[in-house]
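Visitor: Got a predicted model here, sequence first, then my questions.
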Amino acid sequence: MSQARPLPPGVERRRELRLQRRNERLRNAWQMLVLLGLSAGLGTLLLRQGWTLSSAEQVEVEGSHHIDREQVINAAGLNFPQPLLSLEPRRLEAELQDTLPVMEVRVSRWMAPPRLRVELVDREPVARAQRLGPKGLEQGYVDRQGYWMSARQVQGLAGAASEGPLVLGWREHHRPSLTLMLQASERLSADLRQIRFEPNGALSVQSARLGEVHLGPGDNRLPRRLEVLNHLIETLPPHLQGKTLQAIDLTEPEQPELALKQPPRTAAASP
């Protein structure tokens, strides 16, 4: 019986190389599986233990002079322990801006150490306001930019607003005109008592010195009308102020119209 002939050196070498590469691939596959298992376990541990808000002290609130950590936690509906990655910054920003009296909210998550950072920019109520809502007349406030603020948003901040004028007929599209009016009321804070938007968009104010003043539409001539209003308040003779005036119409600011109250008629003497 003849013996098997030995393989040529080149063939034997290639077979050994193929076997080494196969063993190396098997080792790499096992190493990858082990690393994936360790990563999954470590990730689960971090999610459960490391990246978790376990107390209120891990919520940082910055930028506000009126809103504290407890108010933010209550407004955001946070419960502890709270997985940090379960919190969506955009959703929290929308909820906080809708609930708290703030102009801007920025929420960020920090992993090392785990914490939630909330940066706030305050809004200040400057005047009381009324508007017609879906359920009828609503009472609230406005800030310097004319934005509506609900009574819930203004809890504890309404002191200064109670000294400002009362805004009647607030609507979102009136906001640019209202912003100008509120700036004027800061200069005339001792005089303006009321700012009123009519259903047709016309604007009127109640002045302590001048009484009813019609300012017309909130168009690009409103700044000029406010200049004339300020001038009349400062310069109108005393005998034309107060109870003497019935109304002033500044729709045409270069030609103000003054309506005087008619003096009461005296009864004719009997013969």
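Guide: Received, thanks.
Visitor: so W148 makes contact with R131?
Guide: Yes: between W148 and R131 a contact is recorded at 6.8 Å, counting by CB atoms under 8 Å. For glycine as for every other residue, the C-beta is placed from the backbone atoms N, C-alpha and C.
Visitor: May I see the buried residues of stretch 207-224?
Guide: Using 16 or more other CB atoms under 10 Å as the test for burial, stretch 207-224 gives 207, 209-216, 218, 221-222.
Visitor: I'd like the next helix or strand past the strand or helix carrying R131.
Guide: Per DSSP states H and E, R131 falls inside strand 125-133. Next along the chain after strand 125-133, taking DSSP H and E as the criterion, comes strand 136-143.
Visitor: For this structure, just list every one of the strands.
Guide: Using DSSP state E, the strands found in the chain span residues 52-53, 59-62, 82-83, 102-111, 114-122, 125-133, 136-143, 148-150, 166-168, 192-197, 203-207, 211-216, 245-249, 257-260.
Visitor: Distance to Q71 and mean pLDDT for these - can I get that in a markdown table?
Guide: Listed next are the strands of the chain as a markdown table, based on distance: least, CB to CB, whole Å; pLDDT from 0 to 100:
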| stretch | distance to Q71 | mean pLDDT |
| --- | --- | --- |
| strand 52-53 | 17 | 88 |
| strand 59-62 | 8 | 96 |
| strand 82-83 | 17 | 90 |
| strand 102-111 | 11 | 92 |
| strand 114-122 | 10 | 94 |
| strand 125-133 | 16 | 92 |
| strand 136-143 | 17 | 93 |
| strand 148-150 | 15 | 88 |
| strand 166-168 | 26 | 96 |
| strand 192-197 | 30 | 93 |
| strand 203-207 | 35 | 93 |
| strand 211-216 | 39 | 93 |
| strand 245-249 | 45 | 85 |
| strand 257-260 | 50 | 84 |
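Visitor: Need those in CSV (columns: distance to R25).
Guide: Output for the strands of the chain, formatted as CSV (distance: least, CB to CB, whole Å):
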stretch, distance to R25
strand 52-53, 39
strand 59-62, 49
strand 82-83, 38
strand 102-111, 35
strand 114-122, 39
strand 125-133, 70
strand 136-143, 67
strand 148-150, 66
strand 166-168, 76
strand 192-197, 77
strand 203-207, 80
strand 211-216, 84
strand 245-249, 92
strand 257-260, 95
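Visitor: between those strands, which one is nearest to Q31?
Guide: strand 102-111 (27.1 Å; CB to CB).
Visitor: Pull that closest one out as CSV, backbone CA atoms only.
Guide: C-alpha atoms of strand 102-111 as CSV (Å, rounded to 0.1, in the frame of the first residue of the first chain):
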residue,chain,number,x,y,z
VAL,A,102,-41.0,83.4,32.0
MET,A,103,-40.0,84.8,28.6
GLU,A,104,-37.6,82.1,27.8
VAL,A,105,-36.7,78.6,29.1
ARG,A,106,-33.6,76.5,28.2
VAL,A,107,-33.4,72.9,29.6
SER,A,108,-30.3,70.7,29.3
ARG,A,109,-29.3,67.3,30.7
TRP,A,110,-25.8,66.8,32.2
MET,A,111,-24.5,63.3,32.7
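Visitor: Sweet, I'm off.
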